[in-house]
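Participant: Structure for the following, please:
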Amino acid sequence: MVLNSQLEVDQYPLPRVDDIFASLAGGQKFTKIDLRQAYLQFEVHPSSRKYLTINTHRGLYEYNRMVFGIASAPAIWQRKMDEILADIPFTQCLLDDMLITGRTDQEHKQNVELVLQRLQDQGLKVNLTKCKFKVPKLEFCGHLVDAEGIHTVEDKVDALVKAPAPTSVHQLRSYLGLLNYYNKFLPDLTHTLFPLHKLLEKHSRWDWSAKCQHAFESSKRKLLASRMLVHYDLQKPLTLACDASPYGLGAVLSHILPDGSEKPVAFASRSLTKTESNYSQIDKEALALIWAIRKFHLYLYGREFTILTDHKPLLQIFSPDKGISQTTAARLQRYALFLGAYSYRIQYRSHDDNANADAMSRLTELPLESTPSVKSCRYTTSHLLTSREITAHTVKDTLLTNVLTFIRDGWPATVSQEHEPYYRKRMELFVKDNCVLWGDRVVIPKTLQRHILDLLHTGHPGTTRMKQKARGYVWWPNIDADITAYVNACVGCAQTARDPPRGCIQPWTWPTVPWFRLHLDFAGPIRGQTFLIIIDAHSKWPEVIPVTQLTTKATVAILLHLFASFGYPREIVTDNGAQFTSQEFQSFVTVHNIKHKLTAPYHPATNGQAERFVQTFKNYFKASVAVTSQRSISPQQLDSFLFTYRTTPHATTGTTPAELMLGRQPWTAFDMLRPQTVHEHVLQSQEKMVKSKESPVFATHQAVWTRSYGSAKSRWLPATVAESLGPKMYRVRLEDGSITRRHVDQLRSRLRVPEPLTSPTLRGPVSTSNASEDIWNGVWVD
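Facilitator: Take a look at the predicted model:
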């Protein structure tokens, strides 16, 4: 049985040669270390040795060491070597070969010593006969490396130069394949390679003509004259010159040195396919630009660079400072969208000055076979739309294209039904950079509306909060109905929907400054996680801190950390948890001159601001678990939820917690807008709450029923109001003489039972002076 076919092969990427050379900038001298017998230095686990049994003329033997030929061996070896050499600067390893350098002799020596010490600690041995230490140049991966840059290796160039003329397609492919290994060194090989490429076409007849021989000899001469390539350096300005010829594409990646000279980092070229050769010249030039960026993606992505082209129309089409015209061809619009991921400037360079790229477009590397395009996807936690993307989708949207035309050229007297929503707002619509805007709100094309809804629903906010945020940034017809339908269709939100609040509401006095009154509560445990919730009564700014200990000491430590950033509050509202009623907590608030207010026992609604946020947070937690099937909330998810909550307008204040707390609105995925007056929103909200239901008022000494939460058999016990502690809070005296605090929700009016009456005594009649006027005067005698 063949072992490799039965293995679950370990997968681990080997480093790219270009990536290794790109990390050598600044190195002055170089050291190469070769490990002796490579894989054989790794022992095989005893339980796996039986699978490495070999049959010899002397019987069966098991390998104790990892042998060459095992499919997983390269991945296992490379992973282990990367772990051993991790964090050692200017050190690269490709299987059993290591390349070490340094910016100074001292740094070089330190790096070599670190590598040797790590190898010794792991029990690995080196092959001294193949090692070279602190030399000005050495050969590595088929290239000659020194402080100035990278060179071709003379022996390998000689092998190509001495190669005889090919006599078949197979031999020609072999020659071009070897030549392709050094293609990044070939900036100006002439278009005479074109006859060789023609011989590789599928139905081409083999005919080694004089033109082919000339191209063959010319490629050898250009290889002998190949230049040095400088080391890639993150600190030096980078340029990318691109050009296209009738049958090929070319590119030159270069550094601008401190003296102003331009030195190449790499060259690239390829031939056009049959379809691409039919492109217009502007499409070919744009294709060269896009292909070159994809070719050198690892050098360009995430840093600024300059694109050099000898085709002036590309400056207008691909300029990062200008939006692409709606009349631009669809292919160029797709290219513009692709370029949006890079940070670049584009400049015009005349044909003569762009000779390097022009020559490379004529030295074309013909694909040996027609290879299918490979689509790659980069995962991100959130894709932020840009105005360029919205513009690109707008010009593709038939409806918005008509609206753009109407805005620019004038609206007709009548429009179709689908244009009616825009017609009603025609006096308020305008165009900027080919985006349609209604006031400060961007009109979103149909193809992007779902993506906008996804952004608005980050953190699973409800319908009201989504609409409030949308009204500051985006619009399309029936957006409110789409938001409602989106929330109703959210599985996570549907599974965690809450019941409507019950009972009368008495809002707390709204502080006029941030961080004046804080509402505290604990949320959890939720799947093993507990959080301390802190809400600022003025701004509704939340803080959510994961806790592992529900003690006063841990709670005080968290509060002190927050107070170091935001200062000490004047008031703190908590429930009657042991963390907040302990003597240690009372000493803490007393020392810092903080007024501590406790809620009524068993009445969490008194601390409603914290309780409501706890419910919101729990709903988010449950919704996230329902959607992602995760068992807990990660720190990244918690940060995302807090950012969304803090930057979304609050229903009570009408503005975002961040703006009230920080005095500014942080940048979000949407453009910033100013909200309405905060104080007006709060007063209106509180007025509505007060009018929604009036609460009863109890007088001192009034007989009441009070809610019982103890072991008494009755839910309600008779009591008398001792005093009023506020609009909604009373101190009551029970029949046993004990006194307790009760909220108005926990009290009911009670009628006193009247005292029993005594039996009456009726006196006899009283006679008057006139007998005829005698009457009975019934008198009750107690």
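Participant: List the contacts of R664.
Facilitator: Taking Cβ atoms under 8 Å, 6 or more residues apart in numbering, we find R664 in contact with A658. Where C-beta positions appear, they are placed from N, C-alpha and C, glycine not excepted.
Participant: and it, helix, strand or coil?
Facilitator: When classified by DSSP: H, G, I helix; E, B strand; the rest coil, R664 comes out as coil.
Participant: how far away is it from A554?
Facilitator: Distance of R664 to A554, computed by Cβ to Cβ, to the nearest Å: 32 Å.
Participant: likewise K50?
Facilitator: 54 Å.
Participant: Same check on R334?
Facilitator: 55 Å.
Participant: same deal with G142?
Facilitator: Counting by Cβ to Cβ, the gap from G142 to A554 is 61 Å.
Participant: between those two, who's got more neighbours?
Facilitator: Neighbour count, other Cβ atoms under 10 Å: between G142 and A554, A554 has more, with 15 against 12.
Participant: is it true that R331 lies in a helix?
Facilitator: Yes - assignment of R331 by three-state DSSP places it within a helix.
Participant: Next, the contact list for it, please.
Facilitator: Residues near R331 by Cβ under 8 Å, 6+ apart: 283, 286.
Participant: cool, and K236?
Facilitator: Per Cβ under 8 Å, 6+ apart, neighbours of K236: 255-257.
Participant: now with 6 Å?
Facilitator: H255 (Cβ atoms under 6 Å, 6 or more residues apart in numbering).
Participant: pLDDT score for it?
Facilitator: pLDDT recorded at K236 is 85.
Participant: Spell out the residue ranges of the helices in the stretch 501-650 of the chain.
Facilitator: Remark: helices assigned in the stretch 501-650 of the chain by DSSP state H, counting those that start in this stretch are 552-566, 578-581, 583-591, 608-628, 635-646.
Participant: got the residue ranges for the helices in the stretch 651-782 of the chain?
Facilitator: 657-662, 678-692.
Participant: These: lowest mean pLDDT?
Facilitator: Taking the mean pLDDT of the helices of the stretch 651-782 of the chain, helix 678-692 comes last: a mean of 58.
Participant: State the number of residues packed around the residue nearest to L172 when sequence neighbours are not counted.
Facilitator: The shortest distance from L172 to any non-neighbouring residue, by Cβ to Cβ, 6 or more residues apart in numbering, is to P166 (4.2 Å). P166 has 19 neighbours, counted by other Cβ under 10 Å.
Participant: swap in the one 10 residues further on?
Facilitator: For L176, the tally of surrounding residues (other Cβ under 10 Å) stands at 19.
Participant: next one: Q78
Facilitator: Under the neighbour criterion other Cβ under 10 Å, Q78 is assigned a count of 19.
Participant: helix/strand/coil for the residue nearest to L172?
Facilitator: Strictly by three-state DSSP, P166 counts as coil.
Participant: Could you measure from it over to G248?
Facilitator: Distance from P166 to G248, by Cβ to Cβ: 21 Å.
Participant: give the contact list for T644.
Facilitator: So T644 contacts 458-459 (Cβ under 6 Å, 6+ apart).
Participant: what do you get if the cut-off is 7 Å, keeping everything else the same?
Facilitator: Counting by Cβ atoms under 7 Å, 6 or more residues apart in numbering, T644 touches 458-459, 461.
Participant: Mind jotting down where the helices sit in the stretch 51-200 of the chain?
Facilitator: So, for the stretch 51-200 of the chain - with DSSP H, counting those that start in this stretch - the helices run 73-84, 105-121, 154-161, 169-181, 194-198.
Participant: Reformat those as a markdown table; add distance to E543 and mean pLDDT.
Facilitator: Output for the helices of the stretch 51-200 of the chain, formatted as a markdown table (distance: least, Cβ to Cβ, whole Å; pLDDT from 0 to 100):
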| stretch | distance to E543 | mean pLDDT |
| --- | --- | --- |
| helix 73-84 | 39 | 82 |
| helix 105-121 | 44 | 85 |
| helix 154-161 | 64 | 68 |
| helix 169-181 | 59 | 73 |
| helix 194-198 | 66 | 70 |
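Participant: between the ones you listed, which gets nearest to A292?
Facilitator: helix 169-181 (17.0 Å; Cβ to Cβ).
Participant: Name the surrounding residues that touch stretch 430-444.
Facilitator: Stretch 430-444 has contacts (Cβ under 7 Å, 6+ apart) with 323, 326, 387, 390-391, 394-395, 400, 403-404, 407-408, 425, 428-429, 452, 473-476, 671, 673.
Participant: Send me it as CSV with only the CA atoms.
Facilitator: Provided in CSV are the C-alpha atoms of stretch 430-444 (Å, rounded to 0.1, in the frame of the first residue of the first chain):
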residue,chain,number,x,y,z
PHE,A,430,-29.2,67.5,-7.1
VAL,A,431,-26.1,65.7,-8.5
LYS,A,432,-22.6,65.6,-7.1
ASP,A,433,-19.9,63.4,-8.6
ASN,A,434,-22.6,61.5,-10.5
CYS,A,435,-24.3,60.6,-7.2
VAL,A,436,-27.9,61.7,-6.7
LEU,A,437,-28.5,63.5,-3.4
TRP,A,438,-31.7,64.5,-1.6
GLY,A,439,-30.4,67.2,0.8
ASP,A,440,-27.7,65.5,2.8
ARG,A,441,-29.0,62.0,2.0
VAL,A,442,-27.4,59.9,-0.8
VAL,A,443,-29.9,58.2,-3.1
ILE,A,444,-28.9,54.5,-3.1
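Participant: And that stretch, what's buried?
Facilitator: Neighbour counts over stretch 430-444 (16 or more other Cβ atoms under 10 Å) mark 434-437, 441-444 as buried.
Participant: neighbours around the nearest residue to I150 once chain neighbours are set aside, how many?
Facilitator: Leaving aside its chain neighbours, I150 sits nearest to L229 (4.7 Å; criterion: Cβ to Cβ, 6+ apart). Using other Cβ under 10 Å, L229 has 24 other residues around it.
Participant: I figured L229 hits E148, correct?
Facilitator: No - taking Cβ atoms under 7 Å as the definition, L229 is not a contact partner of E148, at 9.5 Å.
Participant: where do the contact lists of those two overlap?
Facilitator: Common neighbours of L229 and E148 are not found (criterion: Cβ under 7 Å, 6+ apart).
Participant: pretty sure the residue nearest to L172 is touching G177, no?
Facilitator: No - at 11.4 Å, P166 does not count as touching G177 under the criterion of Cβ under 7 Å.
Participant: Just the pLDDT for the residue nearest to I150.
Facilitator: So L229 comes in at 78 (pLDDT).
Participant: For T273, which residues are in contact?
Facilitator: Per Cβ under 7 Å, 6+ apart, neighbours of T273: none.
Participant: A strand includes it, no?
Facilitator: No - judged by three-state DSSP, T273 forms no part of a strand; its state is coil.
Participant: which element is T239 on?
Facilitator: Element membership for T239, per DSSP states H and E: strand 238-245.
Participant: starting at the chain centroid, how far to that strand?
Facilitator: 33 Å (Cα atoms, centre = their mean, to the nearest Å).
Participant: Equivalent analysis for stretch 416-436, please.
Facilitator: Distance of stretch 416-436 from its chain centroid, counting by Cα atoms, centre = their mean, is 33 Å.
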